[in-house]
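K.L.:
prediction below, plus the sequence it came from.
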Number of protein chains: 2
Amino acid sequence: MSPSSLESLVEALRCLPGVGPKSAQRMAYYLLQRDREGAAQLAASLVTALSALRHCQRCNTLTEADVCERCASPRRDASLLCVVETPVDMNMMEQTLAYSGLYYVLMGRLSPLDGIGPRELALERVVARASGGEVREVILATNFTNEGEATAHYLSEHLSARGVRVTRIARGVPVGGELEYVDSGTLAQAFRERRSLA
Amino acid sequence: MSPSSLESLVEALRCLPGVGPKSAQRMAYYLLQRDREGAAQLAASLVTALSALRHCQRCNTLTEADVCERCASPRRDASLLCVVETPVDMNMMEQTLAYSGLYYVLMGRLSPLDGIGPRELALERVVARASGGEVREVILATNFTNEGEATAHYLSEHLSARGVRVTRIARGVPVGGELEYVDSGTLAQAFRERRSLA
């Protein structure tokens, strides 16, 4: 006996990641009862974002222009290309203030179970971009999950075959980490990948 | 360096209950990258729901007409009025198939800390509706939380003063419940509110 526009809204809210039928219902009632202004704002923002945002032609992140501000900036070092999975990861890298090169955002990771292979991620675009001549080093900064590692492995194979220098960000004990509380997998890696001092 | 329409969308998604900055960001990227159709559908559903849904003039639930289907139905017993906090609670009551009277949906509960008092809930409307002559019994089915109990107490006082018969749904051991696993507060209530058998 729910009105159909309410039912449609509950159904539509379920497209959000992590939102099931109960949460969707709670959200719908909340918006209609307590925050109609917010709901109207959300609808407008969705419409604007859908029409305004597209992928940067160079780094593939979401942008409102053909080429994003970062790629267009003359102050970035175009000989370094850092490959990350998502725009959020790119923001995390930027916050370190330790990197001034360019990025390529995969917008995902290899995940055969979800039907995401090299073609779906358009990995040939990364390879083409990196072997264009300008790039001196590709830094793989995908996650250290199975899928992130698989993606890094795939890219590393294909880039090396073209003579591009490929590196991977370091695994190891986190800054401030105490050995007692670090998991043994990480510790084993930190041991294997130890580096010589001076 | 995020495009402004992306930032607006992330900000707008935070109006949803239980969604903080991290989830909002994840939702925005998910919608733009993986479910643009769902996002467009969500925007449209929000706009439709906001314009189509209003409060039923009789029971205060959300409806597309002036009076909701349930209130307009001649098959419901108009001498019984069940007061619930939300439309979800009303649906729960309906699913029991144990009640054929009408409802009044408060769309909230007394909650002084959130600034929700008798005036904000328009409790005088419930009292006016219940003492109109047609209603023989008001069944209070607010939650058994502190706030729900306070709401029930307030309504009970004001309705009794007008000579309306007021009842409260029963507290006790749940069906299928084993005494060993029931909390002692519930058990104490079940003991106090024991009823004589035949």
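P.N.:
All right, it came through fine. Everything quoted here is computed from the prediction, not taken from an experiment. Numbering: from 1, shown residues only, chains lettered A, B, ... in the order given.
K.L.:
the residue nearest to the spatial centre of chain A: what's it in contact with?
P.N.:
Centroid check for chain A by CA atoms, centre = their mean gives residue A:86 as the closest residue, at 0.9 Å. Counting by CB atoms under 8 Å, 6 or more residues apart in numbering or on different chains, residue A:86 touches A:105, A:106, A:107, A:108, B:29. (Glycine included, C-beta is placed from N, CA and C.)
K.L.:
what do you get for residue A:143?
P.N.:
Residues counted as contacts of residue A:143 (CB under 8 Å, 6+ apart) are A:85, A:89, A:109.
K.L.:
reformat those residues as TSV; add neighbour count.
P.N.:
As requested, the contacts of residue A:143 are arranged in TSV below (neighbours: other CB atoms under 10 Å in any protein chain shown):
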residue	neighbour count
A:85	21
A:89	19
A:109	20
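K.L.:
closest to residue B:149 among the residues you listed?
P.N.:
residue A:89 (48.4 Å; CB to CB).
K.L.:
name all residues that make contact with the closest one.
P.N.:
Per CB under 8 Å, 6+ apart, neighbours of residue A:89: A:105, A:141, A:143.
K.L.:
so the last one versus chain B, what's the distance?
P.N.:
Shown here: residue A:143 relative to chain B, a distance of 14 Å by CB to the nearest CB, to the nearest Å.
K.L.:
helix/strand/coil for that residue?
P.N.:
Three-state secondary structure (criterion: DSSP: H, G, I helix; E, B strand; the rest coil) places residue A:143 in coil.
K.L.:
how near is it to residue A:55?
P.N.:
21 Å (CB to CB, to the nearest Å).
K.L.:
packing partners for the longest strand that chain A contains?
P.N.:
Ranked by residue count under DSSP state E, the longest strand found in chain A is strand A:77-84. Judged by 3 or more CB pairs under 8 Å, 6 or more residues apart in numbering or on different chains; DSSP states H and E, strand A:77-84 is in contact with helix A:87-95, strand A:101-105, helix A:123-130, strand A:137-140.
K.L.:
next, the angle strand A:77-84 makes with the longest one.
P.N.:
Here the directions of helix A:87-95 and strand A:77-84 differ by 130 degrees (axes from the mean of the first three to the mean of the last three CA atoms, to 10 degrees).
K.L.:
give me the angle between helix A:87-95 and strand A:101-105.
P.N.:
Interaxial angle, helix A:87-95 versus strand A:101-105 (the same axes, to 10 degrees): 170 degrees.
K.L.:
list the buried residues for helix A:87-95?
P.N.:
A:87, A:89, A:90, A:93 (16 or more other CB atoms under 10 Å in any protein chain shown).
K.L.:
again with stretch A:184-192
P.N.:
Quick answer for stretch A:184-192 (16+ other CB under 10 Å): A:186, A:189, A:190.
K.L.:
could you give the mean pLDDT of that stretch?
P.N.:
Stretch A:184-192 carries an average pLDDT of 86.
K.L.:
could you do stretch A:144-161 as well?
P.N.:
Stretch A:144-161 comes out at a mean pLDDT of 94.
K.L.:
same question for stretch A:50-65.
P.N.:
pLDDT averaged over stretch A:50-65 gives 93.
K.L.:
ok, it near chain B or not?
P.N.:
Yes: for stretch A:50-65 and chain B, the contact criterion (CB under 8 Å from any CB of the partner chain) is met by A:50, A:52, A:53, A:62, A:63, A:64.
K.L.:
out of those, which sit inside strands?
P.N.:
Counted as lying in strands by DSSP E, out of the residues of stretch A:50-65 next to chain B, are A:62, A:63.
K.L.:
of the residues of stretch A:50-65 next to chain B, which is the most crowded?
P.N.:
When the residues of stretch A:50-65 next to chain B are compared by neighbour count (other CB atoms under 10 Å in any protein chain shown), residue A:63 ends up highest, at 26 neighbours.
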